[in-house]
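Visitor: Quick one, fold the following:
(chains A and B)
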Amino acid sequence: MRNKLEKIINSEKGLAYLILVPVTVLIFFMAYLPVIQSFRFSLMYYNTRLPWKTHFVGLHNYFRILSEPAFLSAFERSAYFVIIAVGLILSIAMGFALLLNERFKGRSVIRTLVILPWAIPPVVNGFMWKWLLNGDYGFLNGLLYQLGFISTYHPWLMHPLAALNWAILTFVWRFTPFVTILLLGALQSIPEEVYDSAKVDGANARTRFWYITLPLIRPMLAIALIVIMIYSFTVFDEIYTLTGLDPATKTLMMYDYELAFERGQFGLGSALAYMIAIFMFLMAYFYIKSIYKEVEL
Amino acid sequence: MRKVKRISLYLFILIMMIWTLIPFYWIILSSFSLPVDLYSTPPHWIPTRITFENFKSILITGKGFRGGIGTTATELIKKGLFNSLIVAGTTTLIMTFIAPLVGYTFARLNFPGKKIFFFYIIGMIAVPSWPVLIGLFSEFSKLKLLDTLTGLIILSVAYRMPFDTWFMRGYISSVPYELEDAARIDGCTRLGLIYKIVLPASLPGLVAVVITSFLFSWNMFMAPLVLTYTLRSKPITVTISEFVGQYYAEWNLMSAGALIAIVPPILIVLLFQKYIIKGMVAGAIK
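Guide: Numbers count the residues shown, from 1 in each chain, chains lettered A, B, ... in the order given. The predicted structure is shown next:
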């Protein structure tokens, strides 16, 4: 027995399969099977509160979701979220990365501190900003009042149009460090000599940025762009604690949670989940394609 | 001119630090302030007296609000903390053991179907969250894994696989072959080879794997939100989210709770920042 095991471990094939078969089984049950399962649900009328009524309905759920006005407005919110988040994060992170690329005292300490927002649980981040923006005793009110900008406190998150913007800001705050580090890595890989020769030619800081830095970090910018798109499209935790199921912040992810787990509509929820997945696949497709393109360069 | 540039650089750095640190300052201030200081208009930006009362109520006496079904804040925080530590700790431990093995398999061994296995594991990245969770919910209820710590551990181990495999494979590939050859001539078994020769040589990679695994399972929220429903298995992220639904909000206590939840990941970042930066960059380019 012992000998046999030793033999397996010492042959390349044996060891590889001994390691990979359990992993494969695990992943099948934790990822691929559930996905197949929920695809099956998406073709059925399936409400967890009325399980006896479950029956096959074909693509009906998909058509029903598409015809819901709630879907369209949730889609708009998600799209708005992604566009604003991408713009804000890319520009803030670019600024931070440029700052951190300069030489100054305590740079490594500052760099570490800048990463901190990225490390905390997103759901706690949502809580934190809910408290910062609180209408009765929150930080923002206190600060603006102290500085004399407002004379009474405002319930910032209650304004329907503003709530989504605050949710974006909350996400931007947590996700900027990640992109900052990516861009900083790209900046640091640019050899010093490139700048030196440009300086000799009389290029000023702005010209150097537009004509040297930006083109050289373009591959990383492309990667960052897609990463932000995918993550901002699937934000859930932050919104859950910041505004909960408030209609003002009901993005596609929130809408799907409400459908499947608040209302028990597993059939409809699965159909919507698959539509979200299709959007994600499209984004991931461009992501992978852009990486391969950049690697070839 | 140079001086102006220097000053504006420091000014921008100051702005960057304010933006980054203010939410943390607010949470720390709230959890160490007396309610009188905190709930005044405007609040005392520096507390008149630092108090540990909030932590005492939330960790020991259980004073203050109650959660959904009459559980005290203390139970929510303590049980949540315990569950999170178990899930994140066990996941990390398992990944420390498995990631080098799987990484080694793809970096060094030759076997039929290698590419297929690899894409099968890496393909998980593309598997989106809601379809998985809806399917997992019904699968977990059949396997009696709903509302168990075991279920959460299995899940988070599975979802660490693609990143950790990729990362360890890269790291182990960069370890020179000669090291292994020498050891093999000395009669070292292959498993011995992995743990005694290859692993020490790729230690920075393993540290990054361990840290990101811990952060991932500690911060996990969506999956436990739908797959757990009692304090038997709810991690701290879920119990914190329940605070917010309170009718009567005690922000000083809730801040103390939130601070407890963010201290472990923050400590890890402060201690291991070098490895984390490496892991972050590698994670995005995979």
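Visitor: number of nearby residues for B:Tyr10?
Guide: By other CB atoms under 10 Å in any protein chain shown, 12 other residues sit near B:Tyr10. The way it works is simple: take the backbone N, C-alpha and C, and place the C-beta from them, glycine included.
Visitor: contacting residues around it?
Guide: Listed by CB atoms under 8 Å, 6 or more residues apart in numbering or on different chains, the contact set of B:Tyr10 reads A:Phe104.
Visitor: Report the separation between it and A:Thr180.
Guide: Applying CB to CB, to the nearest Å, the value for B:Tyr10 to A:Thr180 is 18 Å.
Visitor: Please apply the same query to B:Leu203.
Guide: Going from B:Leu203 to A:Thr180 by CB to CB gives 27 Å.
Visitor: More neighbours: which of these two?
Guide: Comparing B:Leu203 with A:Thr180 by other CB under 10 Å, the one with more neighbours is A:Thr180, at 28 against 11.
Visitor: element containing the residue nearest the centre of chain A, please.
Guide: Among the residues of chain A, the one closest to the centroid is A:Tyr231, at 1.5 Å (CA atoms, centre = their mean). Per DSSP states H and E, A:Tyr231 falls inside helix A:214-233.
Visitor: packing partners for the very next helix or strand once past that helix?
Guide: Per DSSP H and E, the first helix or strand lying C-terminal to helix A:214-233 is helix A:237-242. Under the contact criterion of 3 or more CB pairs under 8 Å, 6 or more residues apart in numbering or on different chains; DSSP states H and E, helix A:237-242 touches helix A:122-132, helix A:160-188, helix A:252-257, helix B:236-244.
Visitor: among the ones you listed, which is nearest A:Val235?
Guide: Judged by CB to CB, the one of the helices and strands packed on helix A:237-242 that comes nearest to A:Val235 is helix A:160-188, at 5.2 Å.
Visitor: Would you tell me whether the following helix or strand past that closest one gets close to chain B?
Guide: Remark: after helix A:160-188, the chain's next helix or strand is helix A:192-200, criterion DSSP H and E. No: using CB under 8 Å from any CB of the partner chain, helix A:192-200 stays clear of chain B, coming no nearer than 14.2 Å.
Visitor: do stretch A:50-63 as well
Guide: No: legend: contact between stretch A:50-63 and chain B by CB under 8 Å from any CB is lacking; minimum distance shown is 10.4 Å.
Visitor: residues making contact with that stretch?
Guide: Taking CB under 8 Å, 6+ apart as the rule, stretch A:50-63 contacts A:42-47, A:267-268, A:270-271, A:274-275.
Visitor: relative orientation of the host helix or strand of A:Leu72 and helix A:214-233 in degrees?
Guide: Taking DSSP H and E as the definition, A:Leu72 sits inside helix A:69-101. Note on geometry: by axes from the mean of the first three to the mean of the last three CA atoms, to 10 degrees, helix A:69-101 and helix A:214-233 are set 140 degrees apart in direction.
Visitor: So which bits of helix A:69-101 are buried?
Guide: Buried residues in helix A:69-101, counted by 16 or more other CB atoms under 10 Å in any protein chain shown: A:71, A:74-75, A:77-78, A:81-82, A:84-86, A:88-90, A:92-100.
Visitor: And for stretch B:164-178?
Guide: Residues of stretch B:164-178 classed as buried: B:164-172, B:175 (neighbour count, 16+ other CB under 10 Å).
Visitor: What of stretch A:184-202?
Guide: Those would be A:184-187, for stretch A:184-202 by 16+ other CB under 10 Å.
Visitor: Just the C-alphas of that stretch, formatted as CSV.
Guide: C-alpha atoms of stretch A:184-202 as CSV (Å, rounded to 0.1, in the frame of the first residue of the first chain):
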residue,chain,number,x,y,z
LEU,A,184,2.6,53.2,-10.2
GLY,A,185,4.1,49.9,-11.2
ALA,A,186,3.8,51.0,-14.8
LEU,A,187,5.3,54.4,-14.1
GLN,A,188,8.3,52.9,-12.3
SER,A,189,9.1,50.6,-15.2
ILE,A,190,9.8,53.7,-17.4
PRO,A,191,13.6,54.2,-17.6
GLU,A,192,14.8,57.5,-16.2
GLU,A,193,16.9,58.1,-19.4
VAL,A,194,13.8,58.6,-21.5
TYR,A,195,12.9,61.6,-19.4
ASP,A,196,16.4,62.9,-19.3
SER,A,197,16.8,63.0,-23.0
ALA,A,198,13.4,64.7,-23.3
LYS,A,199,14.5,67.3,-20.8
VAL,A,200,17.6,68.0,-22.9
ASP,A,201,15.3,68.5,-25.9
GLY,A,202,13.5,71.2,-23.8
